[in-house]
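K.L.:
Here is my input; please provide its structure:
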Amino acid sequence: MTVLPDDGLSLAAEFPDATHEQWQRLVEGVLRKSGKDVSGTAAEDALSTPLEDGLRTRPLYTPRDTAPDPGLPGFAPFVRGGRPEGTTLGGWDVRQRHASPTGEAVLADLENGVTSLWLTVGGNGIPVSSLGQVLDGVYLDLAPVVLDAGRDTEAAARELLRLYEERGVAKEAARGNLGADPLGHEARTGEALDLPDLAGLARLCAEEYPGLRALTVDALPYHEAGGSAAQELGTSLATGVAYLRELTRHGMSVEQACGQLEFRYAATADQFLTIAKLRAARRLWARVAEVSGAPGAGGQVQHAVTSPVMMTRRDPWVNMLRTTIATLAAGVGGADAVTVLPFDHAVGLPDAFARRIARNTSTILVEESHLSRVIDPAGGSWYVERLTDELAHAGWEFFRHIEQLGGQDAALRSGRLAEDLAETWAARSAKLAKRREPITGVSEFPHLGEKPVQRAPAPEPPAGGLPRVRRDDAYEALRARSDAHLAATGSRPRIFLATIGPAAAHTARSTFASNLFQAGGIEPVTGGTFEESGATEACLCSSDALYEEQAAQTAGALRAAGARQVFLAGRPGQYTDVDAYVFAGCDAVAVLSATLDRMGVS
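P.N.:
Numbering: from 1, shown residues only. Next up is the predicted model:
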């Protein structure tokens with residue numbers, strides 16, 4: 001007789017533990033059914049997912065996947081957080097970005113959940129002379145201000161300090177960052193920026209404004225140029241080290257210099273990679289501080305920004321989901337401050353609704369999901385700890401690569417860093433073109449009939465340095481061609497989907513073909529005849545068995561009706577009567593571009 005425990009639930013303790021080898025044999029059986037005859041480790045490798053930087057995500061992680069001890073929150077190597085209390089007291093700092101704000105928009109954010117301001121000053125942003133007007137009504141002793149001013153950094157910093165004094169803000173109450181980042185500015189613009197009083201600003205903050213930092217190490221320019229997670233980590237380390245050298249050369253201690261740096265990283269919808277990146281970044285900076293002689297100063301302060309690269313211009317509503325996942329990952333990863341870019345960021349100037357959704361994303365995760373009540377909630381996961389370790393090693397290797405080139409400034413000016421980033425982006429672009437990395441609403445499940453979101457143009461960002469890329473770039477170019485055709489002729493280019501047999505036979509492939517052609521702005525037409533469709537090309541959609549019986553005959557009939565090109569949805573096979581194939585893994589961008597060319601869509 002089995003005796004149940006007091007809670008009434010039977011336990012599995014009486015059953016022997018399954019072994020890794022037993023699981024592998026089950027995997028072998030499943031793969032064998034799909035035509036892959038592999039065994040042991042090779043079977044497990046077949047289910048692995050390749051990542052950038054030579055990393056792979058395996059299907060199963062166990063205690064055998066060891067990683068170094070991450071330590072405790074607030075203690076070296078700071079993997080589990082830069083502060084012992086994490087963000088448990090009030091959640092992370094909700095930091096809203098403003099590039100062209102009104103005082104009303106700034107106050108609306110602060111009154112509705114935003115806890116600090118990130119202001120783009122100078123250039124096409126807020127004029128330095130208007131800083132006081134934008135901050136009118138803001139309690140500067142309560143709301144931290146972070147500046148991003150490029151060549152106007154020193155003027156903007158002095159103006160903010162003047163405002164603190166004018167409004168009676170005690171020096172110890174001032175919070176934020178003056179935003180000096182000459183190497184980040186050079187990466188953005190190609191302009192070498194000489195800030196003669198950089199060390200003076202840092203020393204002033206260190207000695208008189210304990211809540212202010214002078215420098216930002218912004219890794220976003222490298223992320224936005226197509227860099228990988230490891231390249232983002234490596235460039236941030238190289239930049240941080242360059243600033244440490246500069247500040248200590250002017251007499252500051254390593255501890256003081258470390259205390260003047262804040263690091264900015266991208267948070268993407270790849271939640272585990274983002275979590276691991278932030279954890280790895282703290283570990284790597286702790287190592288830099290240790291070898292620099294200040295192991296206790298290695299607690300990296302992090303500002304995470306939802307990735308501009310992942311934001312789409314088409315179906316921008318999906319960006320709300322992307323930024324929610326990215327914000328969750330940033331919070332779990334231990335970011336001190338998080339900026340959620342509004343869902344219409346890629347379209348133009350965000351409206352009040354978009355800003356409200358952006359700030360409420362953090363509010364829901366902190367106040368309703370209670371995400372910040374646990375320090376390092378992903379810690380202890382075999383997968384997360386192993387990924388953190390592997391990413392830390394990859395990031396360190398790229399940092400060493402930059403140092404071998406002469407440091408961050410030399411790597412930028414030689415063009416070698418740009419080449420490295422371009423190579424990474426080219427490899428990723430190939431996956432995007434083949435839809436191996438799907439973009440929902442753009443390359444997958446696009447909606448041609450959706451009314452585009454209209455926004456006032458945003459100020460032009462700095463240019464002249466590293467490029468700015470987006471995942472949707474190639475598809476956006478195709479859709480723009482289709483839009484121009486629609487504006488000129490009143491209709492989009494069309495393709496006729498010739499379905500063969502019952503719905504059960506053709507639905508999967510007709511859905512696939514419909515998604516693929518719509519990704520390029522080509523409207524699929526089903527039902528009726530080819531002549532009635534207004535199309536110039538056609539695509540056969542059915543099962544392999546029906547293709548064998550009817551593909552040749554149907555293709556011939558379509559050509560006789562005027563089809564210039566006949567595709568077949570499915571893997572290339574023996575159907576010599578069709579002109580081309582569309583299938584999972586084909587270069588969709590190349591197929592769509594050539595199709596638009598044949599259709600006369602320029």
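
K.L.:
For the rest of this, base every contact and every neighbour count on C-alpha atoms.
P.N.:
Fine.

K.L.:
Next, the contact list for the nearest residue to residue 309 once chain neighbours are set aside, please.
P.N.:
Nearest residue to residue 309 in three dimensions, chain neighbours excluded: residue 470, at 4.3 Å (C-alpha to C-alpha, 6 or more residues apart in numbering). Listed by C-alpha atoms under 8 Å, 6 or more residues apart in numbering, the contact partners of residue 470 are 224, 308, 309, 310, 311, 312.

K.L.:
Might one say that the first one is in contact with residue 309?
P.N.:
Yes - between residue 224 and residue 309 there is a contact under C-alpha atoms under 8 Å: 5.9 Å.

K.L.:
Next, show the common contact partners of those two.
P.N.:
Common contact partners of residue 224 and residue 309 (C-alpha under 8 Å, 6+ apart): 469, 470.

K.L.:
Which parts of the stretch 301-450 of the chain are helices?
P.N.:
319-333, 352-363, 382-404, 408-414, 416-433 (DSSP state H, counting those that start in this stretch).

K.L.:
Any idea which of the ones you listed gets closest to residue 175?
P.N.:
Set against residue 175 and scored by C-alpha to C-alpha, the helices of the stretch 301-450 of the chain come closest in helix 352-363, at 20.0 Å.

K.L.:
How far does that closest one sit from its chain's centre?
P.N.:
Relative to the chain's own centre, helix 352-363 is displaced by 18 Å; criterion: C-alpha atoms, centre = their mean, to the nearest Å.

K.L.:
Which pLDDT value goes with residue 197?
P.N.:
At residue 197, the pLDDT value in this model is 79.

K.L.:
again, but for residue 236
P.N.:
According to the prediction, residue 236 has pLDDT 98.

K.L.:
Kindly report the same for residue 146.
P.N.:
On pLDDT, residue 146 comes in at 98.

K.L.:
That one in helix, strand or coil?
P.N.:
Of the three states, residue 146 takes strand under DSSP: H, G, I helix; E, B strand; the rest coil.

K.L.:
Contacts only, for it.
P.N.:
Contacts of residue 146 by C-alpha under 8 Å, 6+ apart are 116, 117, 118, 119, 176, 177, 178, 179.

K.L.:
Next, the contact list for the fifth one, please.
P.N.:
I take that to be residue 176. Contacts of residue 176 (C-alpha under 8 Å, 6+ apart): 116, 144, 145, 146, 211, 212, 213.

K.L.:
Drop anything exposed from those.
P.N.:
116, 144, 145, 146, 211, 212, 213 (16 or more other C-alpha atoms under 10 Å).

K.L.:
Kindly reformat those as a markdown table containing distance to residue 433.
P.N.:
Converted to a markdown table, these look like this (distance: C-alpha to C-alpha, whole Å):
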| residue | distance to residue 433 |
| --- | --- |
| 116 | 39 |
| 144 | 42 |
| 145 | 41 |
| 146 | 38 |
| 211 | 47 |
| 212 | 45 |
| 213 | 42 |
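
K.L.:
shaky segments in this structure?
P.N.:
1-13 (pLDDT under 70).

K.L.:
And for residue 45, nearest residue in space, chain neighbours not counted?
P.N.:
Closest to residue 45 by C-alpha to C-alpha, 6+ apart is residue 58, at 7.1 Å.

K.L.:
So what's the residue count around the one you found?
P.N.:
For residue 58, the count of nearby residues is 14 (other C-alpha atoms under 10 Å).

K.L.:
ditto for residue 92
P.N.:
A count of nearby residues for residue 92, using other C-alpha under 10 Å, gives 23.

K.L.:
Then residue 164?
P.N.:
Neighbour tally, residue 164, other C-alpha under 10 Å: 18.

K.L.:
Run through who's touching whichever strand or helix holds it.
P.N.:
Per DSSP states H and E: residue 164 is located in helix 153-166. Helix 153-166 is contacted from outside by 121-122, 128-129, 131-132, 140, 147, 149, 170-171, 174, 178-180, 195, 197, using C-alpha under 8 Å, 6+ apart.

K.L.:
quick one, what contacts the residue nearest the centre of the chain?
P.N.:
Nearest residue to the geometric centre of the chain (C-alpha atoms, centre = their mean): residue 268, 3.1 Å. Contact analysis of residue 268 by C-alpha under 8 Å, 6+ apart lists 274, 306, 307, 310, 322, 323, 325, 326, 329.

K.L.:
Enumerate every residue touching the residue lying closest to it once chain neighbours are set aside.
P.N.:
Of all residues not flanking residue 268 in the chain, residue 326 sits nearest, at 4.8 Å (C-alpha to C-alpha, 6+ apart). By C-alpha under 8 Å, 6+ apart, the contact list for residue 326 reads 267, 268, 269, 270, 271, 274, 306, 307.

K.L.:
what does residue 373 give?
P.N.:
87, 88, 89, 91.

K.L.:
do residue 331 as well
P.N.:
92, 338, 371, 372.

K.L.:
Would you format those residues as a markdown table with distance to residue 433 included?
P.N.:
Putting those into a markdown table (distance: C-alpha to C-alpha, whole Å) gives the following:
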| residue | distance to residue 433 |
| --- | --- |
| 92 | 37 |
| 338 | 31 |
| 371 | 36 |
| 372 | 38 |
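
K.L.:
Show me the two of those that sit farthest apart.
P.N.:
Farthest-apart pair in those is 338 and 371; separation 13.3 Å (C-alpha to C-alpha).

K.L.:
Neighbour count: these two, which is higher?
P.N.:
Higher neighbour count among residue 338 and residue 371: residue 338, with 29 against 21, using other C-alpha under 10 Å.

K.L.:
how much space between that one and residue 298?
P.N.:
20 Å (C-alpha to C-alpha, to the nearest Å).

K.L.:
Could you do residue 226 as well?
P.N.:
28 Å.

K.L.:
Next, residue 116: phi, psi?
P.N.:
Torsion angles at residue 116 (phi, psi; degrees, to the nearest 10) stand at phi -150, psi 160.

K.L.:
so which strand or helix has residue 235?
P.N.:
If you go by DSSP H and E, residue 235 is part of helix 229-249.

K.L.:
For the helix or strand following that helix, list the C-alpha coordinates in CSV.
P.N.:
Proceeding N to C from helix 229-249, the next assigned helix or strand is helix 254-258, under DSSP H and E. C-alpha atoms of helix 254-258 as CSV (Å, rounded to 0.1, in the frame of the first residue of the first chain):
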residue,chain,number,x,y,z
VAL,A,254,40.9,54.4,-9.7
GLU,A,255,38.1,54.3,-7.1
GLN,A,256,37.1,57.9,-7.9
ALA,A,257,37.3,57.3,-11.7
CYS,A,258,35.2,54.2,-11.5
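
K.L.:
Can you tell me the strand partners of the next helix or strand after helix 254-258 and which way each runs?
P.N.:
Next along the chain after helix 254-258, taking DSSP H and E as the criterion, comes strand 261-267. Using DSSP bridges, strand 261-267 pairs in its sheet with strand 212-218 (parallel), strand 302-306 (parallel).
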